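*Asks:* Next input, structure requested:
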Amino acid sequence: METLQYIISMILPGLFTALGLVHFYWAVGGTKGLAGSIPEKDGGPLFSPTFGITSTLAMGLFVCTALVLDFSGRIILPLQPHLVRWGLLAILALFLGRMIGDFNYMGIFKKVKGTLFATRDDKIYSPLSGLIALMIAILLR
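*Replies:* Have a look, this model is predicted:
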């Protein structure tokens, strides 16, 4: 594994785990950092995330951690290597899609601007999604 791939294989699991822990915290009722994490429409949240949705997202982020750790040889999952690679390609596509967005409320092509979410999306969420997609692409090369 090349140096850059090695560095990425060290960063991504921590990043995915941290994001998973934040989402799990929100799923169980935590509110710190929640403001500005949901797209807004007409002055209110576009949707109300449930425990099920938020905890599923947290678990998905933990699965991302496991796939990166398996791919980099730090753990061994009971999966064929090609399935781990396909899983990482799917994650790359999801984060690339998140960066691009829905063309209305989130992503680099969003139309709705001027909300707390839109500001955070421009400065944090979309760039982070693009960076994660790029890091996975480098890891997989």
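*Asks:* Please identify the residue most distant from the middle of this protein.
*Replies:* Within the chain, the residue lying farthest from the chain centre (CA atoms, centre = their mean) is Asp42, at 26.0 Å.
*Asks:* check contacts around it.
*Replies:* Residues in contact with Asp42 (CB atoms under 8 Å, 6 or more residues apart in numbering): none are found. Where C-beta positions appear, they are placed from N, C-alpha and C, glycine not excepted.
*Asks:* Going along the chain, name the helices of the chain.
*Replies:* Secondary structure of the chain by DSSP state H: the helices cover 3-27, 51-71, 81-100, 116-120, 126-140.
*Asks:* Include distance to Leu34 and mean pLDDT when you put those helices into JSON lines, please.
*Replies:* JSON lines is the format used below for the helices of the chain (distance: least, CB to CB, whole Å; pLDDT from 0 to 100):
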{"stretch": "helix 3-27", "distance to Leu34": "6", "mean pLDDT": "97"}
{"stretch": "helix 51-71", "distance to Leu34": "10", "mean pLDDT": "98"}
{"stretch": "helix 81-100", "distance to Leu34": "18", "mean pLDDT": "98"}
{"stretch": "helix 116-120", "distance to Leu34": "11", "mean pLDDT": "97"}
{"stretch": "helix 126-140", "distance to Leu34": "17", "mean pLDDT": "98"}
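*Asks:* Those helices: which one's closest to Lys110?
*Replies:* helix 116-120 (6.5 Å; CB to CB).
*Asks:* now that closest one, how far from the centre of its chain.
*Replies:* Relative to its chain's centre, helix 116-120 lies at 17 Å (CA atoms, centre = their mean, to the nearest Å).
*Asks:* List the buried residues in it.
*Replies:* The neighbour-count check on helix 116-120 (16 or more other CB atoms under 10 Å) flags Phe117, Ala118 as buried.
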